[in-house]
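Novice: Have a look at this fold, sequence not included:
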């Protein structure tokens with residue numbers, strides 16, 4: 001495990017993986033410039049951690065790309081990247097409750113009441129369609145008023161002034177359900193926003209599963225030790241003791257203000273809508289706090305952060321219901337690939353229906369045989385092309401609850417048609433047409449350098 005909080009993780013990464021850590025001293029503007037650097041690096045297929053020490057108009061340094069590569073997240077959890085899914089599933093089977101301590105470094109500096117000024121934080125704008133500066137790298141925590149279980153999630157936060165934030169809570173997700181309970185009681189919903197978190201906490205906050213599961217327990221499972229928490233200053237909640245910064249506040253019931261637009265993970269800008277807002281009551285932080293950010297829009301970190309926990313969570317759900325399921329992959333927003341070792345007719349369709357129930361964001365699902373490498377999208381497309389017939393193997397479930405950020409949904413309705421494709425061999429893989437292949441003995445015997453030389457081999461790779 002690299003470190004036990006964000007700053008110790010960064011120190012370990014800088015020391016042990018310097019090629020994946022870039023510290024930048026040149027002044028940079030929070031207005032689009034960090035996103036421009038992230039974008040240019042992604043065009044080169046690079047996703048290093050970026051630590052900006054000199055950000056214009058703020059005292060706080062900014063760090064991005066903490067969870068932008070499987071290699072980085074795996075290093076944080078002390079496993080190989082191929083072991084990440086199993087590491088996550090192990091954590092789900094070994095949950096560890098938080099540990100309440102008397103005081104923690106996140107409250108070394110305390111601002112309450114009139115001292116609160118969100119405008120002193122980095123005012124991050126990512127794209128030209130964003131309606132204002134946003135906070136996108138914070139873990140929002142609230143607790144169910146009946147059970148006391150905490151929900152942790154990532155929710156975009158629009159800076160609306162010195163002590164007010166707009167918030168987008170995905171309808172149907174757990175945080176919005178807690179807010180609905182608060183409104184039924186005509187009470188504000190208290191919450192905290194933790195900024196500057198170890199990658200294990202980030203992955204734990206993104207758990208996809210039961211409403212009753214307290215994601216802080218998943219964080220503990222991933223770390224192998226309890227998440228240390230302290231009592232908040234102004235709300236009846238516990239906050240991570242070793243986060244870099246915490247924002248405390250509450251969302252009043254039945255009040256709405258304009259929020260958005262904002263460039264989302266779908267690659268499109270979500271428009272302006274009247275939504276709830278947060279009245280900020282306190283900001284606490286460590287001495288020399290680091291502001292953790294996630295570039296909004298379809299950038300690698302935002303996409304990967306949801307994928308890493310989503311895949312093992314969905315796989316766990318599917319395998320508990322259908323043991324024939326072998327693996328899953330989320331290659332794009334709202335899309336799921338599943339491989340199965342098919343044992344009977346109709347099993348692929350059963351998997352498709354179960355996958356739609358696993359998470360409401362699954363909109364398109366493709367089931368293939370276990371000889372298909374799910375990490376190779378071309379192989380999945382080939383299976384659709386050669387093993388599926390539209391009238392037999394494609395089915396549609398109309399008007400199912402779905403993420404309202406999907407730009408293709410019917411206007412004003414958070415629903416979508418779910419599309420399932422059975423791309424397994426019919427009637428079974430065992431008697432389906434053989435795949436042509438070069439004999440293994442020949443593949444092992446042939447050395448390219450003996451025939452085309454090193455220089456020719458390199459030039460052919462570049463093309």
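Specialist: Nice, thanks for sending it over. All values derive from a computational prediction rather than experimental measurement. Numbers count the residues shown, from 1 in each chain.

Novice: I figured residue 425 was touching residue 369, is that so?
Specialist: Yes. Using C-beta atoms under 8 Å, residue 425 makes contact with residue 369 at a distance of 5.6 Å. In this view, the C-beta of every residue, glycine as well, is placed from N, C-alpha and C.

Novice: anything in contact with each of these two?
Specialist: Listed as contacting both residue 425 and residue 369 by C-beta atoms under 8 Å, 6 or more residues apart in numbering are residue 387.

Novice: Strands along the stretch 1-150 of the chain, start to end?
Specialist: 21-24, 49-52, 62-64, 99-100, 109-112, 134-135, 139-143, 150-154 (DSSP state E, counting those that start in this stretch).

Novice: what's the closest of these to residue 395?
Specialist: Residue 395 lies closest to strand 150-154 among these, at 31.5 Å (C-beta to C-beta).

Novice: Taking the centroid of the chain, which residue is nearest it?
Specialist: residue 306 (2.3 Å; C-alpha atoms, centre = their mean).

Novice: In terms of pLDDT, where does that residue sit?
Specialist: On pLDDT, residue 306 comes in at 81.

Novice: As a markdown table, the strands of the stretch 1-150 of the chain with mean pLDDT would be great.
Specialist: A markdown table is the format used below for the strands of the stretch 1-150 of the chain (pLDDT from 0 to 100):
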| stretch | mean pLDDT |
| --- | --- |
| strand 21-24 | 94 |
| strand 49-52 | 96 |
| strand 62-64 | 97 |
| strand 99-100 | 97 |
| strand 109-112 | 97 |
| strand 134-135 | 96 |
| strand 139-143 | 97 |
| strand 150-154 | 95 |
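
Novice: of all those strands, which lies closest to residue 202?
Specialist: Taking those one by one with C-beta to C-beta, strand 139-143 is closest: 7.2 Å.

Novice: Strand 150-154 and the closest one, what's the angle between them?
Specialist: 160 degrees (axes from the mean of the first three to the mean of the last three C-alpha atoms, to 10 degrees).

Novice: sorry, back to before: adding mean neighbour count and distance to residue 416 as columns, could you present the strands of the stretch 1-150 of the chain in a markdown table?
Specialist: As requested, the strands of the stretch 1-150 of the chain are arranged in a markdown table below (neighbours: other C-beta atoms under 10 Å; distance: least, C-beta to C-beta, whole Å):
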| stretch | mean neighbour count | distance to residue 416 |
| --- | --- | --- |
| strand 21-24 | 16 | 39 |
| strand 49-52 | 22 | 35 |
| strand 62-64 | 24 | 31 |
| strand 99-100 | 12 | 41 |
| strand 109-112 | 15 | 43 |
| strand 134-135 | 24 | 25 |
| strand 139-143 | 23 | 25 |
| strand 150-154 | 22 | 21 |
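
Novice: and the longest helix seen in the chain with strand 150-154, angle?
Specialist: For the chain, the longest helix by residue count, based on DSSP state H, is helix 300-321. Going by the same axes, to 10 degrees, helix 300-321 is angled at 130 degrees with respect to strand 150-154.

Novice: how far is the helix or strand following helix 300-321 from where the chain is centred?
Specialist: Using DSSP states H and E, the helix or strand that directly follows helix 300-321 along the chain is strand 325-329. Its chain's C-alpha centre and that of strand 325-329 lie 19 Å apart, by C-alpha atoms, centre = their mean, to the nearest Å.

Novice: ok, and what's touching stretch 12-27?
Specialist: For stretch 12-27, using C-beta under 8 Å, 6+ apart, the contacting residues are 2-3, 10, 48-56, 69, 71-72, 75.

Novice: From these, list just the buried residues.
Specialist: 2, 3, 10, 48, 49, 50, 51, 52, 55, 69, 72, 75 (16 or more other C-beta atoms under 10 Å).

Novice: Export these as JSON lines, with columns for distance to residue 122.
Specialist: Putting the buried ones among the contacts of stretch 12-27 into JSON lines (distance: C-beta to C-beta, whole Å) gives the following:
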{"residue": "2", "distance to residue 122": "25"}
{"residue": "3", "distance to residue 122": "22"}
{"residue": "10", "distance to residue 122": "17"}
{"residue": "48", "distance to residue 122": "19"}
{"residue": "49", "distance to residue 122": "16"}
{"residue": "50", "distance to residue 122": "13"}
{"residue": "51", "distance to residue 122": "13"}
{"residue": "52", "distance to residue 122": "9"}
{"residue": "55", "distance to residue 122": "5"}
{"residue": "69", "distance to residue 122": "23"}
{"residue": "72", "distance to residue 122": "22"}
{"residue": "75", "distance to residue 122": "26"}
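
Novice: which one among those gets closest to residue 160?
Specialist: Closest to residue 160, out of all of these and judged by C-beta to C-beta, is residue 55, at 20.8 Å.

Novice: contacting residues for residue 109?
Specialist: Neighbouring residues of residue 109 by C-beta under 8 Å, 6+ apart: 284, 285, 286, 287, 289.

Novice: Perfect, that will be all.
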